[in-house]
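[1] Below: sequence and its predicted model.
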Amino acid sequence: MRKIFMTALITVLTLVSCSYAEEIKIGSCIYRFNDAFMLRFRNAMTEESTKEGALITMADGRDDQNVQNEQIDEFIANGVNVLIVNTVDRMSSQSIIDKAKAKNIPVVFINREPLPETLASYEKAYYVGAKAEDSGVMAGELIAEYFKSHPEADKNKDGKLQFILLKGQNGHQDMILRSKYSVEAIRNAGLNLLNSRAQSQTGINLRP
């Protein structure tokens with residue numbers, strides 16, 4: 001996944017670099033630094049940007065969209081050539097695009113996808129991320145394959161797959177799609193399902 005993300009990002013940076021004679025300055029806004037996944041993402045971006053001869057500066061949004069908005073304003077004022085944004089709130093993407101467009105600055109959104117019409121409002125706005133539907137299907141197929149090949153997994157011998165669905169951040173488009181398509185893949189494999197749903201947001205709340 002890391003290579004897919006970074007290949008796409010560097011492709012975009014290579015395209016925009018044609019417009020600049022000097023070193024490319026990248027301003028990157030991350031929704032929260034202490035997210036383990038985004039830590040790996042940050043490390044990869046730093047490594048790949050260095051390979052491309054670009055200078056990248058990252059800002060911790062601290063899970064506060066107002067803080068991130070101020071950081072974006074500061075990056076633009078400091079004359080960055082490219083913005084890479086992992087939004088706190090994906091619904092804020094339009095205002096970010098409007099600011100970037102006013103200064104003719106390309107903006108790449110990562111991990112949290114803006115609405116299609118939002119991306120379409122600026123020809124230099126991009127989204128880089130995994131296809132969540134595929135991730136969900138793969139997860140569901142793996143579960144179905146294991147359940148079918150391991151009869152001992154059916155603890156109560158009722159022929160049904162009991163499961164609890166743990167969800168990530170509320171409203172995150174990847175979480176919604178992964179959840180939907182993983183369950184569909186299990187059903188498509190011919191298994192009977194019995195679901196107790198759980199949501200993991202600030203904590204874990206199990207409901208029978």
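    On my side now, so go ahead. These numbers were taken from a predicted model, which means no experiment stands behind them.
[2] alpha carbons only for contacts and neighbour counts from here, please
    OK.
[3] show me where the chain has strands.
    Taking DSSP state E, the strands of the chain run over residues 25-30, 55-60, 82-85, 107-110, 125-128, 160-167, 192-200, 204-206.
[4] what's near enough to touch the most centrally placed residue in the chain?
    The residue lying closest to the centre of the chain (C-alpha atoms, centre = their mean) is Asn111, at 1.7 Å. For Asn111, the set of contacting residues under the criterion of C-alpha atoms under 8 Å, 6 or more residues apart in numbering consists of 86, 128-130.
[5] Give the buried subset of the residues you listed as a PyMOL selection command.
    Written as a PyMOL command, the selection of buried residues from the contacts of Asn111, which uses 16 or more other C-alpha atoms under 10 Å, is:
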select buried, resi 86+128+129
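[6] any chance of the contacts of Asn111 in a markdown table, with distance to Met138 and pLDDT too?
    Compiled in a markdown table, the contacts of Asn111 are given as follows (distance: C-alpha to C-alpha, whole Å; pLDDT from 0 to 100):
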| residue | distance to Met138 | pLDDT |
| --- | --- | --- |
| Asn86 | 25 | 94 |
| Val128 | 20 | 85 |
| Gly129 | 17 | 80 |
| Ala130 | 13 | 76 |
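[7] Who are the contact partners of Gly27?
    By C-alpha under 8 Å, 6+ apart, the residues touching Gly27 are 56-59, 72, 75, 80-84.
[8] Oops, could you answer that again for Lys131 instead?
    Asp174.
[9] Look up phi and psi at it.
    phi -90, psi 100 (degrees, to the nearest 10).
[10] just to revisit the earlier point, now restrict the contacts of Gly27 to buried residues only.
    The buried subset of those (16+ other C-alpha under 10 Å) comprises 56, 58-59, 72, 75, 80-84.
[11] Looking at those, which is nearest Tyr146?
    Checking the buried ones among the contacts of Gly27 against Tyr146 by C-alpha to C-alpha gives Ile84 as the nearest, at 39.2 Å.
[12] I figured that closest one was touching Ala100, is that so?
    No: if you go by C-alpha atoms under 8 Å, Ile84 and Ala100 don't touch, sitting 10.8 Å apart.
[13] for the chain, longest helix please?
    Longest helix in the chain, counting residues (DSSP state H): helix 132-149.
[14] need the helix or strand of this structure with the lowest average pLDDT.
    Of all helical and strand segments in the chain, the minimum by mean pLDDT, DSSP states H and E falls on strand 204-206, at a mean of 34.
[15] What's the mean pLDDT across stretch 114-124?
    Averaging the model's pLDDT scores along stretch 114-124 yields 94.
[16] what's in contact with it?
    Outside stretch 114-124, the residues touching it (C-alpha under 8 Å, 6+ apart) are 90-91, 93-94, 97, 101, 105-107, 125-127.
[17] With stretch 146-158 instead?
    With C-alpha under 8 Å, 6+ apart as the test, stretch 146-158 has contacts from 160-161.
[18] What is the end-to-end distance of it?
    Distance between the boundary residues of stretch 146-158 (C-alpha to C-alpha, to the nearest Å) amounts to 16 Å.
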